[in-house]
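**Q** Next one to model:
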Amino acid sequence: MQHLNMGAVMENPRRQRMGRDEFRQWAEQQEGARYERVDGEPVAMAPERAIHARIKARVWQALDRTLRDHGGDCEALPDGMTVEIDADTDYEPDAVVNCGPPIPDDAVAATNPVIVVEVLSPGTKGVDTGAKLDGYFRVPGIVHYLIVLTARRGVIHHRRAHDGGIDTRILSSGKIELDPPGIAIDIDEIYGR
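**A** Prediction:
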């Protein structure tokens with residue numbers, strides 16, 4: 001998602017720090033706009049372009065279909081679910097795979113995210129490849145971070161290595177191996193054939 005200048009969005013143009021509960025209560029009152037919380041401050045998410053929405057939907061569908069076929073205790077969730085990075089930062093990836101016990105119906109955060117996906121847009125490139133890359137891998141259970149390109153066909157797959165480092169592959173065809181949870185999704189399914 002693209003981030004907007006909060007001064008143009010909030011009634012009070014002065015930025016304000018919020019705790020997680022305060023932010024969630026405030027965000028529920030904001031009609032027609034979505035926000036992430038970064039360093040304790042709300043950051044508006046811009047409307048999506050059609051290409052972004054299409055690719056995001058296909059990624060979620062591919063993950064959902066594959067996980068249902070695979071069986072097990074993981075589920076794919078579309079955007080809107082929060083991934084809590086630390087006490088001051090909460091992101092909303094374009095898709096997330098959560099494993100373990102099912103998330104309660106009234107929950108707003110993934111309890112055990114293993115895969116997070118961001119679909120890149122011109123306005124989010126720096127955040128998705130910098131701050132979010134760092135943030136997502138601070139969450140111990142996250143093993144895979146997929147950055148899906150929109151300007152051209154390609155997926156940047158960051159994977160937590162056994163030694164604690166991050167391995168990166170850039171793929172434009174074939175399958176993306178995601179273990180855990182032991183699945184693979186085809187890039188053709190993301191971009192259409």
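**Q** all helices for this structure, in order.
**A** Assignment of helices within the chain using DSSP state H yields the ranges 20-28, 50-70, 125-126, 132-136, 187-191.
**Q** Point out the one among these that comes closest to Ala110.
**A** Go through the helices of the chain one by one with Cβ to Cβ and the one that ends up closest to Ala110 is helix 132-136, at 11.4 Å. All C-beta atoms are positioned from the backbone trio N, CA, C, and that covers glycine.
**Q** So for the closest one, what gets flagged as buried?
**A** Using 16 or more other Cβ atoms under 10 Å as the burial criterion, the residues of helix 132-136 that qualify are Lys132, Leu133, Gly135, Tyr136.
**Q** Using JSON lines, lay out the residues you listed together with pLDDT and distance to Asp188.
**A** What follows is these, written out as JSON lines (pLDDT from 0 to 100; distance: Cβ to Cβ, whole Å):
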{"residue": "Lys132", "pLDDT": "95", "distance to Asp188": "26"}
{"residue": "Leu133", "pLDDT": "95", "distance to Asp188": "25"}
{"residue": "Gly135", "pLDDT": "96", "distance to Asp188": "30"}
{"residue": "Tyr136", "pLDDT": "97", "distance to Asp188": "25"}
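**Q** Show me which of the residues you listed is closest to Asp39.
**A** Gly135 (10.5 Å).
**Q** returning to that earlier point: adding distance to Val114, write the buried residues of helix 132-136 out as JSON lines.
**A** Below are the buried residues of helix 132-136 laid out as JSON lines (distance: Cβ to Cβ, whole Å):
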{"residue": "Lys132", "distance to Val114": "16"}
{"residue": "Leu133", "distance to Val114": "16"}
{"residue": "Gly135", "distance to Val114": "16"}
{"residue": "Tyr136", "distance to Val114": "11"}
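**Q** Would you single out the least confident of the helices of the chain?
**A** Note on these: lowest mean pLDDT is at helix 125-126, with a mean of 82.
**Q** gap between that one and the chain center?
**A** Per Cα atoms, centre = their mean, to the nearest Å, the displacement of helix 125-126 from the mean C-alpha position of its chain is 14 Å.
**Q** now do stretch 92-104
**A** Between the centre of stretch 92-104 and the centre of its host chain there is 10 Å, according to Cα atoms, centre = their mean.
**Q** Can I get it as PDB, trimmed to CA atoms?
**A** Listed next in PDB are the C-alpha coordinates belonging to stretch 92-104 (Å, rounded to 0.1, in the frame of the first residue of the first chain):
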ATOM      1  CA  GLU A  92      -1.000  -4.600   7.100                       C
ATOM      2  CA  PRO A  93       0.600  -6.700   4.400                       C
ATOM      3  CA  ASP A  94      -1.300  -7.500   1.200                       C
ATOM      4  CA  ALA A  95      -1.500 -11.100   2.200                       C
ATOM      5  CA  VAL A  96      -0.400 -13.200   5.100                       C
ATOM      6  CA  VAL A  97      -0.200 -16.900   5.900                       C
ATOM      7  CA  ASN A  98      -0.800 -17.700   9.600                       C
ATOM      8  CA  CYS A  99       0.000 -21.100  11.000                       C
ATOM      9  CA  GLY A 100      -1.100 -22.800  14.200                       C
ATOM     10  CA  PRO A 101      -4.400 -22.600  16.000                       C
ATOM     11  CA  PRO A 102      -7.100 -20.700  14.000                       C
ATOM     12  CA  ILE A 103      -7.200 -17.000  14.600                       C
ATOM     13  CA  PRO A 104     -10.300 -16.000  16.500                       C
END
